[in-house]
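>>> I would like the atomic coordinates for the input below:
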Amino acid sequence: MQKETYRIGELAQLADVTRRTVHYYINKGLIPPAKGTGVNSYYTTDHLSRIRLIRELQESYLPLEEIRKIIVPLDPEGVVHYLEQHKRKPPAEKNLPAREQPGEIDARSSGAPVLYKRIDLGKEIELHFPAELIEKKPSLLRSLIDSARRIISSSR
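Take a look at the predicted model:
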């Protein structure tokens with residue numbers, strides 16, 4: 001069982017970030033400031049959950065501004081629920097090789113959630129596309145991926 005309050009060093013270590021990152025997230029409005037002041041300041045399990053969710057969403061290549069739109073309105077239980085849901089999502093691609101199934105992005109900028117997929121095309125180039133294309137236009141998607149990979153592999 002995790003304890004309920006943390007000093008900044010403990011929080012940073014548990015969340016696998018630096019102290020500077022914790023302060024950065026606070027300054028960007030992604031997490032609330034510490035409770036208390038000075039040497040008596042502390043962080044809670046809500047801070048830890050929020051940082052973990054930010055990290056999960058960043059691994060899906062979601063920009064911090066979009067992460068803020070998702071995370072700020074959530075209460076502590078909502079953060080934990082969203083984090084659990086995000087970790088449990090199975091790859092939805094049925095016709096794509098496993099190496100092309102890494103990232104998911106839940107962008108809510110237009111109001112309705114849109115799930116995006118990310119495919120590594122090689123040479124530090126990625127393709128991001130709405131997940132619904134997998135079902136709606138699989139041949140177009142496959143053609144796009146194959147064409148892009150040919151172009152990338154032929155360039156120096």
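
>>> Name the residue closest to the centre of the chain, please.
Centroid-nearest residue in the chain: Leu57, 0.9 Å away (criterion: CA atoms, centre = their mean).

>>> Surely that one touches Arg68?
No - Leu57 is beyond contact range of Arg68, at 10.1 Å (criterion: CB atoms under 8 Å). Where you see a C-beta, it was placed from the backbone N, CA and C, and this is true even at glycine.

>>> Spatially nearest residue to Ser153 (excluding sequence neighbours)?
The shortest distance from Ser153 to any non-neighbouring residue, by CB to CB, 6 or more residues apart in numbering, is to Gly122 (6.8 Å).

>>> So for the longest helix anywhere in the chain, mean pLDDT?
Taking DSSP state H as the criterion, the chain has its longest helix at helix 138-154. Helix 138-154 shows a mean pLDDT of 87.

>>> residue ranges for the strands of this protein, please.
Remark: strands assigned in the chain by DSSP state E are 5-6, 43-44, 103-107, 114-122, 125-130.

>>> Parallel or antiparallel, list what pairs with the longest one.
By that I understand strand 114-122. Paired strands of strand 114-122, with direction, are strand 103-107 (antiparallel), strand 125-130 (antiparallel) (DSSP bridges).

>>> Just give me the neighbour total for the nearest residue to Pro33 once chain neighbours are set aside.
Excluding the flanking residues, the one nearest Pro33 by CB to CB, 6+ apart is Ile26, at 5.3 Å. Other residues near Ile26 come to 15 when the count uses other CB atoms under 10 Å.

>>> still on that earlier bit, among the strands paired with strand 114-122, which gets the worst mean confidence?
Across these, strand 103-107 gives the lowest mean pLDDT, at a mean of 46.

>>> how about stretch 130-143: buried residues?
Ala131, Ile134, Leu141 (16 or more other CB atoms under 10 Å).

>>> whoops, stretch 26-40 was the one
Going by neighbour count (16+ other CB under 10 Å), the buried part of stretch 26-40 is Leu30, Ile31, Ala34.

>>> sorry, back to before: partners of the residue nearest to Ser153 in the sheet?
Ile125.

>>> Residue ranges of each domain in this structure, please.
Split into domains by automatic domain parsing, the chain comes to 1-88, 91-156.
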